[in-house]
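# please work out how this folds:
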Amino acid sequence: MTDYTLPLTLLYVVLAFLLLCLCLFTPWRLWVKAGMIAVVTGSYFFAQGAFMNMRGWPSYEQLPRKFVLLASVIEEPNKEKGSKGAIYVWVNGLEENRLVPQPRAYKVPYQKEFHASLNEANRKIRQGINQIGSTEAPAGSGAMGWLKLAADPNAKIKISDAPAPQLPEK
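Numbers count the residues shown, from 1 in each chain. Just a heads-up that it's a prediction; the model follows:
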């Protein structure tokens, strides 16, 4: 992947310079100038978050409804360090029982049950048995419960063996 950090930084420097010129050499009201500065400053922070997602950092979005588990890393909670723990999974989403073109890394809150099922799933993956996962909204989460799957530590994530591939007849 190409690193666009330097060109993007230079682009923001040019944008800031143009904004400075507008603020110094135009007779616009102070509230217009302050509004432009606020919008440009806010766009820096928004763009930084978007670029971090593009650079391969794990997504905090919800896991796909169905996915193929490729790998996982488990960070257990540590009271001494103040870490709540997290589970990082590398999955390839399934849409209409077809793999999406690119796998994606996700970060989900630590769950002891999910930790145990991932240990078993990783063991099976090393043995060559593909693993399929699915996400379910927790019971009683309402009609819009699926919107909060990533942030909700009560969301149910199930992992099971993938069905054997059906080969076409000769």
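# just the helices from this protein, written as ranges.
Counting by DSSP state H, the chain has helices at residues 5-25, 30-54, 112-126.
# so for the last one, mean pLDDT?
Per-residue pLDDT values across helix 112-126 average out to 94.
# hmm, back to that, which of the helices of the chain sits closest to Leu70?
When those are compared by CB to CB, helix 112-126 sits nearest Leu70, at 7.9 Å. All C-beta atoms are positioned from the backbone trio N, CA, C, and that covers glycine.
# related to what we said a few turns ago, please identify the most buried of the helices of the chain.
Among the helices of the chain, judged by mean count of other CB atoms under 10 Å, the one packed with the most neighbours on average is helix 112-126 (a mean of 15).
# residues contacting that one, please?
The contact list for helix 112-126 (CB atoms under 8 Å, 6 or more residues apart in numbering) reads 69-72, 74, 76, 87, 89, 108, 131, 133, 157-159, 161.
# what's the answer for stretch 163-170, then?
Ile132.
# same question for stretch 12-27.
Contacting residues not belonging to stretch 12-27 are listed as 28, 33, 36-37, 40, 44, 47 [CB under 8 Å, 6+ apart].
# between those, which is nearest Ala137?
Using CB to CB, Ala47 comes nearest to Ala137 of the contacts of stretch 12-27, at 31.8 Å.
# which secondary structure element of the chain has the lowest mean pLDDT?
The least trusted helix or strand in the chain, going by mean pLDDT, DSSP states H and E, turns out to be helix 30-54, with a mean of 84.
# quick one: the helices of the chain as JSON lines, columns for distance to Glu61 too.
Below are these laid out as JSON lines (distance: least, CB to CB, whole Å):
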{"stretch": "helix 5-25", "distance to Glu61": "23"}
{"stretch": "helix 30-54", "distance to Glu61": "9"}
{"stretch": "helix 112-126", "distance to Glu61": "17"}
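# nearest to Arg65, of the ones you listed?
Nearest of these (CB to CB): helix 112-126, 16.2 Å.
# just the CA trace of that closest one, in PDB.
What follows is helix 112-126 as a C-alpha-only set of coordinates in PDB (Å, rounded to 0.1, in the frame of the first residue of the first chain):
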ATOM      1  CA  LYS A 112     -14.700 -14.500  28.300                       C
ATOM      2  CA  GLU A 113     -17.100 -16.800  26.300                       C
ATOM      3  CA  PHE A 114     -16.000 -15.400  23.000                       C
ATOM      4  CA  HIS A 115     -12.300 -15.800  24.100                       C
ATOM      5  CA  ALA A 116     -13.000 -19.500  24.800                       C
ATOM      6  CA  SER A 117     -14.700 -20.100  21.500                       C
ATOM      7  CA  LEU A 118     -11.900 -18.300  19.600                       C
ATOM      8  CA  ASN A 119      -9.300 -20.500  21.200                       C
ATOM      9  CA  GLU A 120     -11.200 -23.500  19.900                       C
ATOM     10  CA  ALA A 121     -11.700 -22.000  16.500                       C
ATOM     11  CA  ASN A 122      -8.000 -21.100  16.200                       C
ATOM     12  CA  ARG A 123      -7.100 -24.700  17.000                       C
ATOM     13  CA  LYS A 124      -9.400 -25.900  14.300                       C
ATOM     14  CA  ILE A 125      -8.100 -23.400  11.800                       C
ATOM     15  CA  ARG A 126      -4.600 -24.700  12.400                       C
END
